[in-house]
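*Asks:* Model the following, please.
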Amino acid sequence: MSLQEGLDLDTRPGGARAAVEAVVMVADEPVPALVLAAALALPLERVEQLLRGLADGYDADGRGFELRESASGWRVYSRAEFADVVERFVRDGATARLSRAALETLAIIAYRQPVARATVSSIRGVSADATIRTLLQRGLVAESEDGSPNGAILYVTTGEFCERLGLTSVDQLPPLAPYLPEADVLDDIAGASR
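*Replies:* Numbers count the residues shown, from 1 in each chain. Below is the predicted model:
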């Protein structure tokens, strides 16, 4: 039995056209037609025809997305006419989804990186385990490749973090010193908590 027989695309709803569409929809980077043809066990010419048909169909239907070919392959993109809508959704949604605890933890990691979970918990005064897991899942922090001498996992911010803040690197974060109280005030606070 060949790979094509094993996939049996023609018996599925939408057939090969829908199979190409399903793969392109989940791809997080452009997919060359040749790669699609190999993955779906279809002739390259047929895959290219299906891709062009999908792109033309999305255009004709006035969809909010389009299928475009670039030098590196085919990918689904939101239409340029809706850039402001998508930007607003992403910008507003991203800030609304992070809790105060997540923002505090993210700030500590950003300014102290690489930093151990225990240090973050110590600074915040509560366990940071769940919050760090959330930040890891959202791709805003990552485990550092350089481990701690004592074996603790160290955390750093990611490129996604910088991208969301519009920074090219964490070196562009504003300095904290202007926002901190003077040393004598800190001493008073420390003395009051004893």
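
*Asks:* Where does the prediction get shaky in the protein?
*Replies:* 1-6, 90-97, 179-194 (pLDDT under 70).

*Asks:* So what are the structural domains in it, by residue number?
*Replies:* 3-81, 98-192 (automatic domain parsing).

*Asks:* Which one of the ones you listed lies nearest to Phe89?
*Replies:* domain 3-81 (9.8 Å; Cβ to Cβ). The C-beta positions use only the backbone N, C-alpha and C, and glycine is treated the same way.

*Asks:* re earlier: would a markdown table of the domains of the chain with distance to Phe89 and mean neighbour count be doable?
*Replies:* Listed next are the domains of the chain as a markdown table, based on distance: least, Cβ to Cβ, whole Å; neighbours: other Cβ atoms under 10 Å:
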| stretch | distance to Phe89 | mean neighbour count |
| --- | --- | --- |
| domain 3-81 | 10 | 14 |
| domain 98-192 | 14 | 14 |
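
*Asks:* just to confirm, which helix or strand has the residue positioned nearest the centre of the chain in it?
*Replies:* To find the centre residue of the chain, average its C-alpha atoms and take the closest one (Cα atoms, centre = their mean): that gives Gly139, at 5.5 Å. For Gly139, there is no helix or strand it lies in under DSSP states H and E.

*Asks:* sorry, back to before: let's have the domains of the chain in a markdown table, adding distance to Glu87.
*Replies:* Formatted as a markdown table, the domains of the chain follow (distance: least, Cβ to Cβ, whole Å):
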| stretch | distance to Glu87 |
| --- | --- |
| domain 3-81 | 10 |
| domain 98-192 | 12 |
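
*Asks:* if we compare these, which one ends up closest to Arg88?
*Replies:* Nearest of these (Cβ to Cβ): domain 3-81, 12.2 Å.

*Asks:* so where do the helices sit in the protein?
*Replies:* 3-7, 15-26, 33-40, 44-61, 83-97, 100-112, 117-124, 129-137, 159-165, 183-192 (DSSP state H).
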